[in-house]
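sequence first, predicted model second:
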Amino acid sequence: MPMTDQLLQDKFGRVIRDLRISVTDKCNFRCFYCIPDEDIVWKRRQDLLTYEEIIQLAEIAVSLGVEKLRLTGGEPLLRKDIEFLIERLAKIAGVKDLALTTNADGLKDRAATLRAAGLTRLTISCDSLKPEVFKQITRRDSLQAVLDGIDATMTAGFAPPKINCVVIRGMNEDEVADFADFARTSGVAMRFIEYMPLDNAHQWDKSMMVSGREIIERIEARHKLVPLHKDNPSETALKFGFADGAKGEIGIIAPVTQAFCGACSRLRLTAEGNLRTCLFSMTDYNIRDRIRRGDSRDELAQFMIDTVLKKEEGHRINEPDFVQPPRTMVFIGG
Ligand code: SAM
Ligand code: SF4
């Protein structure tokens, strides 16, 4: 419950309920669309928000109506003692959901401690079930570690995780139905994501993107799907179950062909302490320096409120004047 009546609400009437917190810009994978293979300049330690700063900002956001926190990055499991941060965030009164998005490398040995710390949900990224294609996309030979991580999640008592799969033409679109089979046997919730123009080499073009519609057609060639209701209106995925009642779920996240900006309830906080109002924003709003110069809680809250008022109506991916942001997901926080 918010401590005040004040909510984070933008000028289009959308209320922010979901804060995505990037805890690091570092990653141990090199997904070709997200990060260069070499010559990466990481942020300096002192430029990143400390855990105390993250907790302070999360508390303010929750007092202004945020209910869901998601830790992401870069690779959040690389930030030292992330369990400590989770424990503290889980204790904030009003947090209904505390999730983490990970590439799952090393998750096998940490799923139980993450759960004990108070994490409520895990989302795991996996773009291929074929070791060679997985390696081609991530530039790491780690498919088995990811599959072990998915298993460990369920063994640790989490609900079956969501599995993010970015579908890229010529690389993995032929695996979409295999992933649906994977959902049916393991019970996971697949989330097929349209490839967005946020790529590292700025080489994205629409021909590389596989539309949500095509993804459904590819799955339905093997399994009939039935639409499921959204749990809440700001959910980004169109959800489906299997008509024959098999376990598992299919979700389509189609930011390019079926934008969901009208129901967006998100705000992002980057690892170095910038608020971002949209993945595709060209502007960052630095709140870290305001904490470090000693702004009061009320001043920080007002800065968040003012920043949300600047939230864009929607992204402009399909407009002729679209300009790709200079940074990719690893540096923004996915
Ligand atoms: N390292 C963690 C992981 O991979 O799950 C968390 C951060 S990662 C940036 C979050 C998600 O963003 C991943 O599922 C990744 O595939 C997705 N992503 C990154 N770049 C993307 C793009 N250009 N289009 C669509 N999804 C993208
Ligand atoms: Fe790392 Fe995730 Fe980006 Fe892959 S998608 S490079 S795992 S941050």
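Thanks, I have it. Numbering: from 1, shown residues only. Ligands and ions are numbered 1, 2, ... in the order given.

get me the contact residues on the stretch 1-150 of the chain for ligand 2.
By the rule Cβ under 6 Å from any ligand atom, the part of the stretch 1-150 of the chain lying against ligand 2 is 27, 29-31, 34-35, 73-75, 103, 125. The way it works is simple: take the backbone N, C-alpha and C, and place the C-beta from them, glycine included.

among these, which ones are in strands?
Taking DSSP state E, the ones among these that sit in strands are S125.

all helices for the stretch 1-150 of the chain, in order.
Shown for the stretch 1-150 of the chain, the helices assigned by DSSP state H, counting those that start in this stretch span residues 51-63, 82-90, 111-117, 131-138, 143-155.

how far away is the nearest residue to D295 once chain neighbours are set aside from D10?
Take D295 and drop its neighbours on the chain: the residue closest to it by Cβ to Cβ, 6 or more residues apart in numbering is F303, 7.4 Å away. Relative to D10, F303 is positioned 15 Å away (Cβ to Cβ, to the nearest Å).

picking that back up, tell me which element the residue nearest to D295 is part of?
Using DSSP states H and E, F303 sits within helix 297-308.

in that helix, what counts as buried?
For helix 297-308, burial by neighbour count (16 or more other Cβ atoms under 10 Å) applies to 300-301, 303-305, 307-308.

extract the CA atoms of the helix or strand just after that helix and return them as PDB.
Downstream of helix 297-308, the first helix or strand assigned by DSSP H and E is helix 329-332. C-alpha atoms of helix 329-332 as PDB (Å, rounded to 0.1, in the frame of the first residue of the first chain):
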ATOM      1  CA  MET A 329      19.500  -3.800 -23.300                       C
ATOM      2  CA  VAL A 330      22.500  -4.900 -21.300                       C
ATOM      3  CA  PHE A 331      23.300  -1.300 -20.400                       C
ATOM      4  CA  ILE A 332      19.600  -0.100 -20.100                       C
END
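
so is helix 329-332 next to ligand 1?
Yes. Against ligand 1, helix 329-332 shows contacts by Cβ under 6 Å from any ligand atom at 329-330.

got a list of contacts for that helix?
Contact with helix 329-332 is made by 22, 25, 27, 34-35, 73-74, 198, 268, 270, 276, 279, 325, as judged by Cβ atoms under 8 Å, 6 or more residues apart in numbering.

what residues are up against the closest residue to L71 other than its chain neighbours?
Distances taken as Cβ to Cβ, 6+ apart place L100 nearest to L71, at 4.5 Å, with adjacent residues excluded. Going by Cβ under 8 Å, 6+ apart, L100 touches 70-72, 76-77, 82, 86, 114, 119, 121-123.
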